[in-house]
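Asker: sharing a model prediction with you, sequence too.
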Amino acid sequence: MSGLYARERQSVSSMAHLRFFPQAVVGGSGAYLTADDGRRLLDFAASWGAASLGHAHPAVRAAVDRALSDQAGASYLSSANEACVLLAEKLLSLVPGRARGRVWFGHSGSDANETVARMVAAATGRPRILAFDGAYHGGTVGSMAVSGHPAQQGTRAAGLTLVPYPNSYAAGTPQAVSEAALAHLDRLFETEIAPGEVAAFFIEPIQSDGGMLVPPDGFFKAVEERCRRHGILIVSDEVKVGLGRSGRFNAFDHSGIEPDIVVFGKGLGGGLPISAVVGPEAIMNHAVAFSLQTVHGNPVCAAAALAVLETIEHDRLAENAASIGRVLRDGLNALARRHALIGDVRGHGLALGVELVGDRAGRTPATRETALTVYRAFQLGLVLYYVGVRSNVLEFTPPLTLTESEAREGLAILDQALADVAAGRVDETLLADFAGW
Ligand SMILES: Cc1ncc(COP(=O)(O)O)c(/C=N/[C@@H]2CCCCNC2=O)c1O
């Protein structure tokens with residue numbers, strides 16, 4: 001364990017730790033991080049997707065420098081500032097008509113989703129919320145309350161009903177799991193909850209922390225039809241897979257739906273803390289002083305976010321995510337032909353998941369091997385984390401700027417890590433201090 005990592009343990013609380021190996025960094029640029037021992041680490045996680053443009057991107061640096069050199073305050077609570085207005089106008093141009101009303105700014109996906117959960121109930125007078133099993137909408141009280149991920153240490157809202165997310169790898173064909181999930185929802189409306197009491201349905205267009213689950217074709221169109229019939233607002237949580245990562249700017253576009261409310265976070269700030277909720281004016285303006293924190297809407301993070309959006313558009317990074325995502329996915333499928341541990345490769349663009357299994361027939365989660373694989377990859381120079389309700393899905397969320405050669409470099413490292421794990425060459429005692437999820 002490196003000096004910095006050891007020192008951190010003597011000074012920083014573990015309450016935010018979600019640690020898989022002793023990663024300690026002192027710098028970074030592009031798709032690479034610099035470890036405190038001097039090693040260069042290829043970053044296929046991008047800090048859980050927040051470093052959307054990689055590290056130290058010049059556009060973000062220039063925007064932050066300009067905003068700080070002539071600083072327009074530090075908050076939008078009691079003052080308008082130009083950076084927030086420009087960013088709001090930009091975000092309104094990037095969402096479908098139903099959502100094109102007003103923008104709220106926060107710090108994180110958590111405070112954004114918490115605000116949405118409170119807002120839809122207050123604005124509609126409807127007390128219930130729908131969400132999916134396995135969903136991660138945040139780590140605050142109010143966002144955990146509308147989540148369904150089993151690893152969370154929080155209380156679910158009394159008015160929350162969780163429904164199964166169709167998982168065509170675990171339970172059969174896409175068509176069959178889609179029909180089963182829709183039948184479950186219909187039964188719920190017929191027997192357990194009055195659909196007219198449901199304010200909103202929180203969806204992830206690809207369920208990331210739940211295991212990078214890709215919904216079957218047509219599933220969310222069928223969900224949309226039910227929501228429209230009952231006047232239920234659709235909230236698309238784009239925090240991790242949005243902003244071009246999936247190969248489309250908005251990930252919900254893969255399902256051909258038009259949500260009422262869109263939530264952005266993580267990569268929006270390019271590594272700086274900013275989130276946004278975009279929704280209909282009647283909902284977004286239902287109250288004043290309803291959800292506020294002092295440095296919400298600070299012009300520095302807003303300027304960074306505008307630079308991120310402009311760079312995604314100018315450098316065609318959604319298209320890059322689609323094309324490099326194909327390279328990565330093809331490479332992962334090639335690894336699957338050599339490594340029995342790989343049970344499934346799935347995702348869109350640079351939002352990919354690789355499920356590791358103990359045996360392909362039974363699809364038993366290979367949780368231990370997953371932890372060993374990411375640890376070994378780290379030793380070999382690749383940063384990769386895992387997700388999934390059984391902690392057995394490698395998550396690929398690299399910077400949207402990833403190049404083909406970087407993709408191939410990471411594939412080669414993963415190939416070696418999988419081989420070393422399968423051959424029993426990775427010391428299991430290394431995992432003792434790393435609980436992961
Ligand atoms: C779809 C989705 N919505 C909201 C959130 C919460 O965002 P914040 O962690 O920025 O509050 C997240 C956060 N996801 C977690 C962050 C904690 C570490 C585990 N991996 C994640 O990506 C998310 O994936």
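Answerer: Sure thing, it's come through. Numbers count the residues shown, from 1 in each chain.
Asker: do you know how far Pro164 is from Leu272?
Answerer: 36 Å (Cβ to Cβ, to the nearest Å). The way it works is simple: take the backbone N, C-alpha and C, and place the C-beta from them, glycine included.
Asker: for Leu418, same thing?
Answerer: From Leu418 to Leu272 the distance is 34 Å (Cβ to Cβ).
Asker: quick one: contacts for the closest residue to the ligand within the chain?
Answerer: Scanning the chain for proximity to the ligand using Cβ to the nearest ligand atom identifies Gly109 as nearest, at 2.5 Å. For Gly109, the contacting residues are His137, Gly138, Ser143, Asp237, Val239, Lys240, Val263, Gly265, Lys266, Ser275, by Cβ atoms under 8 Å, 6 or more residues apart in numbering.
Asker: so what does it look like in phi/psi?
Answerer: Main-chain dihedrals, Gly109, degrees, to the nearest 10: phi -60, psi -30.
Asker: more crowded one of Pro164 and Leu272?
Answerer: More neighbours surround Leu272 than the other of Pro164 and Leu272, with 19 against 15 (other Cβ atoms under 10 Å).
Asker: ramachandran angles for Val277?
Answerer: Dihedral angles for Val277 - degrees, to the nearest 10 - are phi -120, psi 130.
Asker: the residue nearest to it when sequence neighbours are not counted in helix, strand or coil?
Answerer: Closest residue to Val277 apart from its sequence neighbours, by Cβ to Cβ, 6 or more residues apart in numbering: Trp104 at 4.4 Å. When classified by DSSP: H, G, I helix; E, B strand; the rest coil, Trp104 comes out as strand.
Asker: which residues of this protein lie near the ligand?
Answerer: The chain comes close to the ligand at residues 18, 48, 108-110, 113, 136-139, 204, 208-209, 237, 239-240, 265-266, as judged by Cβ under 6 Å from any ligand atom.
Asker: filter the residues you listed down to the buried ones.
Answerer: 48, 108-110, 113, 136-139, 204, 208-209, 237, 239-240, 265-266 (16 or more other Cβ atoms under 10 Å).
Asker: thought Val327 was touching Glu409?
Answerer: No. Counting by Cβ atoms under 8 Å, Val327 stays clear of Glu409, with 11.5 Å between them.
Asker: so Leu418 makes contact with Leu341?
Answerer: Yes. Contact criterion Cβ under 8 Å: Leu418 and Leu341 qualify, at 5.9 Å.
Asker: what sits in contact with each of those two?
Answerer: What both Leu418 and Leu341 touch, as defined by Cβ under 8 Å, 6+ apart, is the set Thr373.
Asker: so where's the protein shaky on pLDDT?
Answerer: Applying pLDDT under 70 to the chain flags the ranges 1-2.
Asker: do you have the helices of it handy? List them.
Answerer: For the chain, the helices defined by DSSP state H occupy 3-9, 46-49, 58-69, 82-92, 109-124, 141-144, 174-191, 219-230, 281-284, 299-314, 317-336, 367-380, 404-422.
Asker: next, format the ones you listed as a markdown table and append distance to Leu33.
Answerer: Shown next, in a markdown table, are those (distance: least, Cβ to Cβ, whole Å):
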| stretch | distance to Leu33 |
| --- | --- |
| helix 3-9 | 13 |
| helix 46-49 | 9 |
| helix 58-69 | 16 |
| helix 82-92 | 28 |
| helix 109-124 | 22 |
| helix 141-144 | 28 |
| helix 174-191 | 37 |
| helix 219-230 | 35 |
| helix 281-284 | 37 |
| helix 299-314 | 19 |
| helix 317-336 | 19 |
| helix 367-380 | 11 |
| helix 404-422 | 13 |
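Asker: which residues are in contact with Ala74?
Answerer: Counted by Cβ under 8 Å, 6+ apart, Ala74 has contacts Thr294, Val295, Asn298, Pro299, Val300.
Asker: Phe105 versus the third one, what's the distance?
Answerer: Relative to Phe105, Asn298 is positioned 9 Å away (Cβ to Cβ).
Asker: name the nearest residue to Ile206, ignoring sequence neighbours.
Answerer: Val241 (4.6 Å).
Asker: and the one you found, backbone torsions?
Answerer: phi -100, psi 0.
Asker: that older thread, which one of the helices of the chain lies closest to Ser168?
Answerer: helix 174-191 (4.2 Å; Cβ to Cβ).
Asker: pull out the buried positions in that closest one.
Answerer: By neighbour count on 16+ other Cβ under 10 Å, the buried set for helix 174-191 is Pro174, Val177, Ser178, Glu179, Ala181, Leu182, Leu185, Phe189.
Asker: using CSV, write out every CA atom in it.
Answerer: What follows is helix 174-191, C-alpha atoms only, in CSV (Å, rounded to 0.1, in the frame of the first residue of the first chain):
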residue,chain,number,x,y,z
PRO,A,174,-35.7,-9.8,-24.3
GLN,A,175,-39.3,-10.2,-25.4
ALA,A,176,-40.1,-12.5,-22.5
VAL,A,177,-38.6,-10.4,-19.8
SER,A,178,-40.1,-7.2,-21.3
GLU,A,179,-43.6,-8.8,-21.3
ALA,A,180,-43.1,-10.1,-17.7
ALA,A,181,-42.1,-6.7,-16.4
LEU,A,182,-45.0,-5.0,-18.2
ALA,A,183,-47.4,-7.6,-16.8
HIS,A,184,-46.0,-6.9,-13.4
LEU,A,185,-46.7,-3.2,-13.8
ASP,A,186,-50.2,-3.8,-15.1
ARG,A,187,-51.0,-6.1,-12.2
LEU,A,188,-49.7,-3.5,-9.8
PHE,A,189,-52.1,-0.9,-11.3
GLU,A,190,-55.0,-3.4,-11.2
THR,A,191,-54.5,-4.7,-7.7
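Asker: what packs against it?
Answerer: Applying 3 or more Cβ pairs under 8 Å, 6 or more residues apart in numbering; DSSP states H and E, one finds that helix 174-191 contacts strand 160-163, helix 219-230.
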